[in-house]
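A.B. asks: Provided below are the primary sequence and the corresponding predicted coordinates.
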Amino acid sequence: MRRLLRSLRSRRLAVWLLGALVGYAAVAAALDVREAFSAPPFVVLAALVAMSTAACAWERSARAVSMLRVGVVTQRQVDHLREHPATVIPLAEEGPRDVSAAAGALRSLGFRVTAGERMAEGRRHRWGALGSPLFHWSLALLIVVIALGQLTRAEGLIGIATGDTKSDVREAYGVLEAGPLHGGLSGASITVDRMEAEYTRNGIEYGPTPYVRVVSATGDPLAEGFVHTNAPLRYGSTVIHMNGYGLAAKVRLDVDGTSSAEEILLDYADDDSGRIVPRDLAVLDASGQPAVSLLIDADASSRTPALLVRYAEGAGDPRSSGAMEASIAEGESVALPGGVSLTADRLTSYARLAVVDDWSVPFIYALFLTGVMGLAAAILTPPSTARVLFVEGDGGPAWHVVVTGWRRQSGASESVHAALEAAAGANGGERP
Amino acid sequence: MSVDTEIICMWVAVTLYAASAVLFAVSLVFRKERLATVALALALAGIVPHTVAIAGRWVRVGHGPYLGFYEVISSYAFAGVLAFVGLVVRYRSLRPLGVVLMPMAFLAIGGAMLAPKSGVEVSATLASWWLAVHVSFAKLAYGSFITSFGLAAVRLMRARRPEGFRSERMGRLPADPVLEDLAFKFVAAGFIFLGIMIAAGAIWANEAWGRYWGWDPIETWSLISWLVYAVVLHLRLTLGWRGRRFAWSVIAALPVLLFAMVGVAIVYNSIHAGYFNILG
């Protein structure tokens, strides 16, 4: 386990994993294969990146905690500084014989100093030490939350005619994708009260826009409002978006004296032509054999909506030139072959709503925010430590100095050395 | 302001930026210090018609310079030149950076002038505050990365011929560690800005379309760019890459970013392509 942890926090491994992720994503993107981002190799790679990031975060957390412990200098550190100083600053004859002047110099540079007679330790931006671990923890958790979110989310398209209500249950959806760990749909009632044909807000035209109302399975109102692009409706972990609109036909089919109701949702074509995409409908007789085949279309441009029905007897092709056709307005019926009667009970518009149940989204945002804060702290306030030990060696009195920084900024240690040299009255330090 | 006036202002800016780029190069090659001053003055002069063109268009089309290739690239060039001038005011010794940055600005604005200039209306999808956040941080990110590229390029040019004809001018630049530290800081800042840009785009996509990520080519390549710069930061911070190796890593990262910004909209059928119209 310890060995695994050591391997995972390897800096080279982190770089290689990031490189592999870049390579994989670049190839998948170049070939425009989006399925590659849910394929096992990508999942494994992302999991390895998450584990490596967490291991790095763990290591950096330990380092950050040690940096936060101000004034705790071990004898081992003192001995090490005595024997292996990064810089030796000789003290002038009339110069100081302790570290008080060094402490003053460090304070003037913004260091928070704890000093004894022979040893001074200054720390600057010590809270910045938390930045890197915060960023890495946030990133690791982000990958985990995204993965859990994908496993537990559900997203579906539901078409609701104006004035109708549908329940948030599996059968109501035309398309539904639910993760393997999704807990089940809410059963809430979703109603489209009305559809504004030309909804305008703040000067922006949103086109046909539904007013949606959601009531819980126990009858409690949950949310309501117009739903359009950039204005979804939210309740709990569920968000309802406008996905599209079309025509809805509530029709009644009478076959051999048996009546059944059908809801036919007709969509507009994607080419912005205003054309309706016709729908096929096969009507079976009492013995289960095709009685009549229908192609339901609509005249979308007319002020008075009407269904255009092409039909062929039995399993015939209603698109063929020999097919018959009829136009029926709301409340009208047409007699079809095989003893079938089709009545247009109601012709109206419908809203196609995308219902997304995903608890992870706000957590993803929050983790990203903490990650950015951590990264900004790590970069803008990099922590640094300066230790100065007064030593009376063979070469005369001197300060042994070591300056460490989280990212070893160029220029940072030079400014510390310059200030210490000025305080020592020395001409310049020596770096063994 | 009419379209014609805007185009005239833009061509004046293109000309001034081009002249500035040429003079920066000539001043470096022939060691003419005064030419660099003239080049900087020309860059400053170019900002004036460029500002007028952007502001006039903003008023005419009713939105900022963030829709369509022409507006986006022109505003990137504007931000880049403005940042360069600001940087030179603060660090006078960074003036030779103009040798790298002004040709880039000139090529960018020149390329923008070849793209369709018709205004793109703010559609229902674009009517979001997240658009402003997304685009603002994109400009900050790209500006930071391009500046880091310039700093790394100058650092490498000086290292390549320390005793060459450019040594005197290059010698006036800050020391290598300072240039390197600045390049690192711009990469780090750009990394944050690009991350915020991607997150703002994801939040916006979730509001508009009901999904925060769809592996659309521009989304994917933006993420790849972010990961590439994560590699660059790791190379310096954890593997200790310094000097020329770090500079080369900064240089190598920029083409990926530029492809995400310009290339993807040309190569792929992306949902972003409509808003980033290049070919008309």
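C.D. replies: Structure's in. What do you need?

A.B. asks: residues contacting A:F37?
C.D. replies: Each residue near A:F37 by Cβ atoms under 8 Å, 6 or more residues apart in numbering or on different chains is listed here: A:A25, A:A28, B:W215, B:T220. To be clear about C-beta, it is placed using only N, CA and C from the backbone, and glycine gets the same treatment.

A.B. asks: right, is the helix ranked longest in chain B up against chain A?
C.D. replies: If you go by DSSP state H, chain B has its longest helix at helix B:176-209. Yes: counting by Cβ under 8 Å from any Cβ of the partner chain, chain A is contacted by helix B:176-209 at B:177-178, B:180-181, B:184-185, B:188-189, B:191-192, B:195-196, B:199, B:203-204, B:206-209.

A.B. asks: ok, how many other residues are close to the residue of the stretch 1-150 of chain A found nearest chain B?
C.D. replies: Nearest to chain B, among the residues of the stretch 1-150 of chain A, is A:R11, at 3.9 Å (Cβ to the nearest Cβ). By the criterion of other Cβ atoms under 10 Å in any protein chain shown, A:R11 has 16 neighbours.

A.B. asks: In contact with it, which residues?
C.D. replies: A:C56, B:H234, B:T238, B:L239.

A.B. asks: What's the separation between it and A:A47?
C.D. replies: 19 Å (Cβ to Cβ, to the nearest Å).

A.B. asks: hang on, the earlier thing: in ChimeraX, select just the buried ones from the contacts of A:R11.
C.D. replies: The ChimeraX command for the buried members of the contacts of A:R11 (criterion: 16 or more other Cβ atoms under 10 Å in any protein chain shown) is given here:
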select /A:56 /B:234
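
A.B. asks: Rebuild the contacts of A:R11 as CSV, extending it with distance to A:L5 and secondary structure.
C.D. replies: Below are these laid out as CSV (distance: Cβ to Cβ, whole Å; DSSP: H, G, I helix; E, B strand; the rest coil):
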residue, distance to A:L5, secondary structure
A:C56, 11, helix
B:H234, 19, helix
B:T238, 17, coil
B:L239, 20, coil
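
A.B. asks: Closest to A:M373 out of the contacts of A:R11?
C.D. replies: Distance to A:M373, by Cβ to Cβ, is smallest for A:C56 among the contacts of A:R11, at 17.8 Å.

A.B. asks: wait, isn't that closest one in contact with A:R12?
C.D. replies: No: in this structure A:C56 lies outside contact range of A:R12 using Cβ atoms under 8 Å: 11.9 Å.

A.B. asks: Quick check: nearest residue in space to A:A147, chain neighbours excluded?
C.D. replies: Closest residue to A:A147 apart from its sequence neighbours, by Cβ to Cβ, 6 or more residues apart in numbering or on different chains: A:A46 at 7.4 Å.

A.B. asks: any idea how far the one you found is from A:L21?
C.D. replies: As judged by Cβ to Cβ, A:A46 and A:L21 stand 7 Å apart.

A.B. asks: okay, residue 40: pLDDT?
C.D. replies: No chain in the question, so chain A it is. According to the prediction, A:P40 has pLDDT 94.

A.B. asks: that's the other chain; I wanted chain B
C.D. replies: So, for B:L40, pLDDT stands at 91.

A.B. asks: B:M170 now?
C.D. replies: The model reports B:M170 with a pLDDT of 65.

A.B. asks: Likewise for A:D272?
C.D. replies: We have a pLDDT of 67 for A:D272.

A.B. asks: wait, does whichever strand or helix holds A:M373 make contact with chain B?
C.D. replies: Per DSSP states H and E: A:M373 is located in helix A:360-380. Yes: against chain B, helix A:360-380 shows contacts by Cβ under 8 Å from any Cβ at A:V361, A:I364, A:Y365, A:F368, A:G371, A:V372, A:L375, A:A376, A:I379.

A.B. asks: can you pull the contacts of the residue nearest to the fifth one when sequence neighbours are not counted?
C.D. replies: Nearest non-adjacent residue to A:G371, counting by Cβ to Cβ, 6+ apart: A:S138, 3.4 Å away. The neighbours of A:S138, taking Cβ under 8 Å, 6+ apart as the test, are A:L367, A:F368, A:T370, A:G371, A:G374.

A.B. asks: tell me which parts of the stretch 1-150 of chain B are close to chain A?
C.D. replies: Within reach of chain A by Cβ under 8 Å from any Cβ, the stretch 1-150 of chain B has these residues: B:V122, B:S123, B:A124, B:T125, B:A127, B:S128.

A.B. asks: quick one: pLDDT of the first one?
C.D. replies: Note on B:V122: pLDDT of 72.

A.B. asks: ok now do it, which residues does it touch?
C.D. replies: Residues near B:V122 by Cβ under 8 Å, 6+ apart: A:I204, B:G62, B:H63, B:L67.

A.B. asks: Any of the residues you listed buried? List them.
C.D. replies: For these, a burial check counting by 16+ other Cβ under 10 Å picks out A:I204, B:H63, B:L67.

A.B. asks: just checking, which of those belong to strands?
C.D. replies: A:I204 (DSSP state E).

A.B. asks: Could you let me know which of the buried ones among the contacts of B:V122 ends up closest to A:V227?
C.D. replies: Proximity of those to A:V227 (Cβ to Cβ) peaks at A:I204, which lies at 14.7 Å.

A.B. asks: Burial check on the nearest residue to the closest one once chain neighbours are set aside, number of neighbours?
C.D. replies: Spatially, and ignoring its direct neighbours in sequence, A:I204 is nearest to B:A127 (4.3 Å; Cβ to Cβ, 6+ apart). By the criterion of other Cβ under 10 Å, B:A127 has 20 neighbours.

A.B. asks: which residues sit in contact with the residue of the stretch 201-350 of chain A found nearest chain B?
C.D. replies: Residue of the stretch 201-350 of chain A nearest chain B, by Cβ to the nearest Cβ: A:H241 (3.7 Å). Contacts for A:H241 (Cβ under 8 Å, 6+ apart) come out as A:V227, A:P232, A:L353, A:A354, A:V356, B:W209, B:G210.

A.B. asks: and chain A, what are its domains?
C.D. replies: A:2-59+A:133-151, A:69-125+A:382-424, A:153-246+A:353-358, A:247-349 (automatic domain parsing).

A.B. asks: Retrieve the pLDDT associated with the nearest residue to A:A377 once chain neighbours are set aside.
C.D. replies: Closest residue to A:A377 apart from its sequence neighbours, by Cβ to Cβ, 6+ apart: A:G131 at 3.3 Å. A:G131 carries a pLDDT value of 92.

A.B. asks: which ones are touching A:A354?
C.D. replies: A:E155, A:G156, A:L157, A:I240, A:H241, A:M242, A:N243, B:G210.

A.B. asks: Tabulate those residues in a markdown table, adding columns for pLDDT, secondary structure and distance to A:I328.
C.D. replies: As requested, the contacts of A:A354 are exported to a markdown table (pLDDT from 0 to 100; DSSP: H, G, I helix; E, B strand; the rest coil; distance: Cβ to Cβ, whole Å):
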| residue | pLDDT | secondary structure | distance to A:I328 |
| --- | --- | --- | --- |
| A:E155 | 93 | strand | 36 |
| A:G156 | 93 | strand | 31 |
| A:L157 | 93 | strand | 28 |
| A:I240 | 96 | strand | 33 |
| A:H241 | 95 | strand | 33 |
| A:M242 | 93 | strand | 29 |
| A:N243 | 90 | strand | 28 |
| B:G210 | 83 | coil | 35 |
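
A.B. asks: coming back round to it: nearest residue to the residue of the stretch 201-350 of chain A closest to chain B in space, please, no chain neighbours.
C.D. replies: B:G210 (3.7 Å).
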